[in-house]
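Chemist: I'll drop the sequence and a predicted model, then ask my questions.
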Amino acid sequence: METVDNFTNDSAMMIAYERSLESQRPDALFQDPYAAALAGSKGEQLSENFGNGAKMFGFPLWPQFHKQWTAVRTRFIDDRVEEHAPNLTQLVNLGAGMDTRPNRMPAYAAFARSMEVDMEVVNTSKAKIFSKFLSSPASHCPVENVDLDFLDKEKSLASELGQRGFDATVPSLFLSEGLIMYLGAEGKVKLLGDVSAVAAVGSVLVLQFMDATGSDAAKENPAVLNSALSQEEARKELGERGWGDFQFFAFGDDALNFGRFQGDKPSLSFSFCVCKKLS
C-alpha cells in the first residue's frame with residue numbers, strides 16, 4: 001500500500017497518528033476516521049521518538065504526554081470552531097498539515113469556505129491520500145487548498161488567499177496549530193503581521209504557541225527561544241496590529257485539560273492564545 005512517507009513535514013504525520021490513537025479510545029475527545037490513513041508508516045515512530053524527550057519538556061515520568069497534548073489541543077480547537085462557526089463565514093487554517101476538520105466536523109457547514117494553507121508538498125500529499133485511501137471524505141463546506149511557504153518573502157498570505165476567493169472584508173476564523181514555533185524569530189513576527197493584514201475587524205484568531213519562560217527545553221537548546229513566543233510578546237505583537245480581548249491558556253489549565261493532564265503544574269510550553277480583531 002502506498003503511503004505518505006515521501007511527505008516532508010514529519011510532524012503532520014506524527015500528529016495524524018496521535019489523532020488516530022485518540023479516536024480508538026472509548027472516552028475519545030473526538031473522532032477522526034481519516035487520521036490513520038494520513039499518518040503513513042512513519043507517524044508511530046515519530047510519536048515514540050518525541051515521547052522520549054518528555055523530560056526536556058518537564059514531564060520526566062510521563063512519556064505519553066504529547067499523545068495527550070495532541071488530543072487536548074485538537075478538542076480545544078474543535079470547541080472553538082463550534083463556538084465561532086455560527087458568527088463567522090470564512091475559516092483560514094494556517095499550516096493545516098494533515099488536518100481533517102472540514103471532513104469530520106459538521107460545524108464547518110456554517111462556513112462559506114475553508115482555506116487550508118500549507119506548503120505545496122503538504123497539500124499535494126494530503127490530496128493524494130484523500131483521493132486514494134479514504135472512502136467518503138466529503139467536506140462540509142467548500143475547501144480551497146492554498147500553497148504557501150510562510151517563510152517565502154516573495155509571496156504573501158494576502159495575495160495567495162485572494163487568488164482563491166478569500167474575502168478580506170468579512171470577519172473570519174483563523175486557526176494556527178503547530179506552526180509558529182517552527183518559523184524562527186523573524187518568521188513568527190511575519191506570520192502575525194501577515195494574518196493581521198488580512199483579518200477584518202471581528203475576526204478571531206486561535207493561536208497555538210510555545211512560551212519558553214522557565215523551559216528546560218530552551219535552556220538545553222537556545223534556538224528554541226527564537227521560535228518561542230511569551231504571553232507578553234504575543235499580547236504586544238498582536239495588540240499593535242489591532243487585536244484584543246486576549247485569552248491565554250496553558251496545557252493543564254481547567255480549559256485546556258479535559259481530564260488528561262498528569263503534570264504537577266500547567267505547562268507554558270504548550271499554550272494557546274484566543275483573541276479578536278478590534279481595529
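Modeler: Perfect, I can see it now. Computed from a predicted model, the values in this text were never measured in an experiment.
Chemist: only C-alpha atoms from now on, for both contacts and neighbour counts.
Modeler: Will do.
Chemist: tell me where the model's unsure across this protein.
Modeler: 1-9, 133-137, 214-225 (pLDDT under 70).
Chemist: tell me which residue is most central in it.
Modeler: residue 177 (1.3 Å; CA atoms, centre = their mean).
Chemist: pretty sure that residue is touching residue 207, no?
Modeler: Yes - assessed by CA atoms under 8 Å, residue 177 is found in contact with residue 207 at 6.4 Å.
Chemist: related to what we said a few turns ago, residue contacts, the residue nearest to the centre of the chain?
Modeler: Shown in contact with residue 177 (CA atoms under 8 Å, 6 or more residues apart in numbering): 94-96, 207-209.
Chemist: which strand or helix spans residue 49?
Modeler: Per DSSP states H and E: residue 49 is located in helix 43-51.
Chemist: for that helix, which helices and strands make contact with it?
Modeler: Packing contacts for helix 43-51, counted by 3 or more CA pairs under 8 Å, 6 or more residues apart in numbering; DSSP states H and E, involve helix 10-23, helix 65-84.
Chemist: ok, residue 180 touching residue 211?
Modeler: No - between residue 180 and residue 211 there is no contact under CA under 8 Å: 11.2 Å.
Chemist: next, residue 269: secondary structure please.
Modeler: strand (DSSP: H, G, I helix; E, B strand; the rest coil).
Chemist: against residue 211, how distant is it?
Modeler: Applying CA to CA, to the nearest Å, the value for residue 269 to residue 211 is 5 Å.
Chemist: over to residue 90?
Modeler: From residue 90 over to residue 211 the distance is 28 Å, taken as CA to CA.
Chemist: what about the two, which has more around it?
Modeler: Per other CA atoms under 10 Å, whichever of residue 90 and residue 211 has more neighbours is residue 211, with 26 against 23.
Chemist: quickly note the distance from that one to residue 227.
Modeler: Distance, residue 211 to residue 227, using CA to CA: 9 Å.
Chemist: try residue 189
Modeler: In terms of CA to CA, residue 189 sits 10 Å off from residue 227.
Chemist: same thing with residue 32?
Modeler: 29 Å.
Chemist: kindly report the same for residue 241.
Modeler: Residue 241 is 20 Å from residue 227, by CA to CA.
Chemist: so between these two, which is more surrounded?
Modeler: residue 227 (22 against 17).
Chemist: check contacts around that one.
Modeler: 180-185, 188, 210.
Chemist: ramachandran coordinates for residue 177?
Modeler: Per-residue torsions, residue 177: phi -120, psi 120 (degrees, to the nearest 10).
Chemist: swap in residue 118?
Modeler: phi -170, psi 180.
Chemist: that one is in contact with residue 147, isn't it?
Modeler: Yes - counting by CA under 8 Å, residue 118 does reach residue 147; the two are 5.4 Å apart.
Chemist: one step back: what angle do the helix holding residue 49 and helix 10-23 make?
Modeler: Taking axes from the mean of the first three to the mean of the last three CA atoms, to 10 degrees, helix 43-51 and helix 10-23 form an angle of 100 degrees between their directions.
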